[in-house]
Structures are given as C-alpha cells and as structure tokens.
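> Predicted structure and sequence below. I'll ask about it afterward.
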Amino acid sequence: GAGDEEIKFISSEAIVGTCMVMEKIFIRIQQMPNPDTVRPERVLVKWAERLKAKYESEEADYEWIADQFKAVRQDMVIQHIKNGNTVAIYESNARIALLEDDLGEFYKIQSYLMNLYKEVEEGDRGNQCEFLAYRVFYWL
C-alpha cells in the first residue's frame, strides 16, 4: 500500500513515545523501537513547526530539514498518529520538498497524504484540494 516507504516494520500495536529530544536523525527501523527513542505527538508538532521556520529563515539546509521531517513522519507512523496535526506536518513537508524540486520525496509524502485524507475527520483534512490539484498536474 501507499505509505512511507522508509518505514519497513510496522506493528499492529501503536507505541506511545516518551522521548523529549526534538532533533533526531532518520534511521531505517527493522523492529519496533523502544518508546524512549520515539517522540510523542506534542514534541513532533513543535519540532515540525521549528523545522518549517528553520527552512523559511534559511537557518538549515534542505538535506538536514528533509532528514528531520522523515524522522518526524516515522515517529508519527510508529505511533499510529493520524489527525489534523499529522496532515499539517505532511503538508508542510510536501511543500518544502516541492520548493526544493525534490519530486521523489514530494510524491512519496503526497501519496501518504491522499490516504491520510481518507482516514481523518473532514475538519482535519487541511488543504486537501491543493494537494489533489498537485496530483492532477502530475498526471497531465
């Protein structure tokens, strides 16, 4: 199915992260990680907001930003977090990837977003029309 391809191991049981450190490098996981190494939703939301600000202020380069967002997405998937915060983080990450012409990353994120929009409440669907338009342009 469509999802974050970098996440090779998904348990049917969600864990709840307890790591309070915001910055975390992306590492492919082969088994369910210890909750001490996974950041909870509130930390992920705050970190994603900071990453967006760091990108906009050119405080960090795109490769680092992309790696950090990948780690954020991974922590969200591991914990089965699918809500308005998830949508907002994926949309921000997708826009940055698009601005950087990183189409591979953009379409991976967008593919996950299309499924996410189907799973979240209508009020949590963020900018679904914008991302559907990107999909239409891609197929033209």
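That came through fine.
> For Trp139, see how far away the most centrally placed residue in the chain is.
In the chain, the residue lying closest to the centroid (Cα atoms, centre = their mean) is Arg73, at 3.3 Å. Distance, Arg73 to Trp139, by Cβ to Cβ, to the nearest Å: 24 Å. C-beta: built from backbone N, CA, C; applies to glycine.
> swap in Tyr55?
Between Tyr55 and Trp139 the distance is 28 Å, computed by Cβ to Cβ.
> ok, the two, which is more surrounded?
It is Tyr55, of Tyr55 and Trp139, that has more neighbours when counted by other Cβ atoms under 10 Å, with 23 against 5.
> residue contacts, that one?
With contact taken as Cβ atoms under 8 Å, 6 or more residues apart in numbering, Tyr55 is in contact with 62, 65, 96.
> Only whichever of these are buried, select them in ChimeraX.
Selection of buried members from the contacts of Tyr55 for ChimeraX, criterion 16 or more other Cβ atoms under 10 Å:
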select :62,65,96
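> quick one: which of the contacts of Tyr55 is nearest to Val43?
Nearest to Val43, judged by Cβ to Cβ, of the contacts of Tyr55 is Ile65 at 17.1 Å.
> in what helix or strand does the closest residue to that closest one other than its chain neighbours lie?
Of all residues not flanking Ile65 in the chain, Tyr55 sits nearest, at 5.0 Å (Cβ to Cβ, 6 or more residues apart in numbering). Using DSSP states H and E, Tyr55 sits in helix 41-56.
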